[in-house]
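Trainee: I need the structure of the sequence given here:
(one chain, ligands or ions: 2)
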Amino acid sequence: MPQAPSLPLIAPSILSADFARLGEEVRVLDAAGADWIHVDVMDGHFVPNLTIGPGVVKALRPHSARPFDVHLMIAPVDRFLGEFAAAGADIITIHAEAGAHTHRSVQAIRGLGRKAGISLNPATPVTVLDYLIDEIDLVLVMSVNPGFGGQGFITSQLRKIEAVRAMIAKSGREIRLEVDGGIDIETARACVAAGADVLVAGTASFRGGPAHYAANIAALRGAG
Ligand code: DX5
Ligand code: ZN
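Mentor: Ligands and ions are numbered 1, 2, ... in the order given. From the prediction side, this is the model:
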């Protein structure tokens with residue numbers, strides 16, 4: 001029987017990878033023990049940066065069998081869901097703030113046979129989950145304002161992680177609680193203590209270059 005993965009899961013964000021060698025970077029992360037590959041998609045509108053589209057996700061797909069955890073920081077999002085699903089996204093996370101009809105978007109993601117996540121910006125209250133919690137597979141708490149890697153962790157989000165963990169427990173459903181932004185050994189420990197079970201890490205995964213990815217990932221997992 002396959003062993004259950006040990007928690008927290010570590011999802012390196014390829015935003016911090018060498019974009020000229022993305023396929024190889026994903027292969028090295030896979031071999032280094034990354035649980036998921038986190039892909040940050042930014043549209044220059046919902047967030048002040050432009051990154052990756054479905055074509056890149058598709059090109060990366062053959063490089064790893066790990067779940068592709070696709071974080072869509074785009075609005076409006078609906079017209080791109082099918083393309084990201086077809087490109088090979090396993091988990092598709094949208095922002096609660098990205099549109100007026102998040103419930104419909106979540107239904108669309110699940111209708112495509114993919115796992116659906118909802119992300120909350122630092123200022124967004126957990127109450128936006130009240131009428132979504134029964135429909136989703138993942139909650140992504142942003143511990144920085146989305147748009148860039150390498151920012152400092154916003155500590156008020158620890159309270160939010162605790163609140164979301166309580167909501168998940170009350171729902172009785174299997175929902176992952178992921179945290180994204182400013183994750184290092186110290187903040188990883190605090191997030192896991194607050195109830196997180198998936199940690200996104202850009203800067204902390206890639207520090208020191210490819211020879212260090214395995215140790216970086218193991219250190220983050222060990223901090224939990
Ligand atoms: C920020 C992205 C994050 C980012 C994390 O908008 O969603 O995934 O890459 O980078 P670090 O770990 O460097 O804060
Ligand atoms: Zn992200």
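
Trainee: end-to-end on stretch 128-140?
Mentor: Start and end residues of stretch 128-140 are separated by 13 Å (CA to CA, to the nearest Å).

Trainee: in that stretch, what's buried?
Mentor: 129, 133, 135-140 (16 or more other CB atoms under 10 Å). Where you see a C-beta, it was placed from the backbone N, CA and C, and this is true even at glycine.

Trainee: farthest pair in these?
Mentor: 135 and 140 (14.9 Å; CB to CB).

Trainee: which residues of the chain score low on pLDDT?
Mentor: 1-3 (pLDDT under 70).

Trainee: same thing but 80
Mentor: In the predicted model of the chain, residues 1-4 satisfy pLDDT under 80.

Trainee: spell out which parts of it neighbour ligand 2.
Mentor: 40, 71, 180 (CB under 5 Å from the ion).

Trainee: coming back round to it: restricted to strands, list the buried residues of stretch 128-140.
Mentor: The strands, defined by DSSP state E, take in 138-140 from those.

Trainee: list just the nearest of the residues you listed to ligand 2.
Mentor: residue 140 (7.3 Å; CB to the ion).

Trainee: emit the ChimeraX select command for whichever of the residues of the chain next to ligand 2 are buried.
Mentor: Buried members of the residues of the chain next to ligand 2, defined by 16+ other CB under 10 Å, are picked up in ChimeraX with:
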select :40,71,180
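
Trainee: next one: phi and psi at the residue of the chain found nearest ligand 1?
Mentor: Proximity of the chain to ligand 1 (CB to the nearest ligand atom) peaks at residue 202, 2.9 Å away. Residue 202 adopts backbone torsions of phi -90, psi -80, taken as degrees, to the nearest 10.

Trainee: before we move on, what about residue 155?
Mentor: In terms of degrees, to the nearest 10, the main-chain angles of residue 155 are phi -70, psi -20.

Trainee: quick one: what helix or strand has the closest residue in space to it that isn't next to it in sequence in it?
Mentor: Nearest residue to residue 155 in three dimensions, chain neighbours excluded: residue 190, at 7.9 Å (CB to CB, 6 or more residues apart in numbering). Take DSSP states H and E as the rule and residue 190 turns out to sit in helix 185-194.

Trainee: how about residue 52, what does it touch?
Mentor: Shown in contact with residue 52 (CB atoms under 8 Å, 6 or more residues apart in numbering): 14, 39-42.
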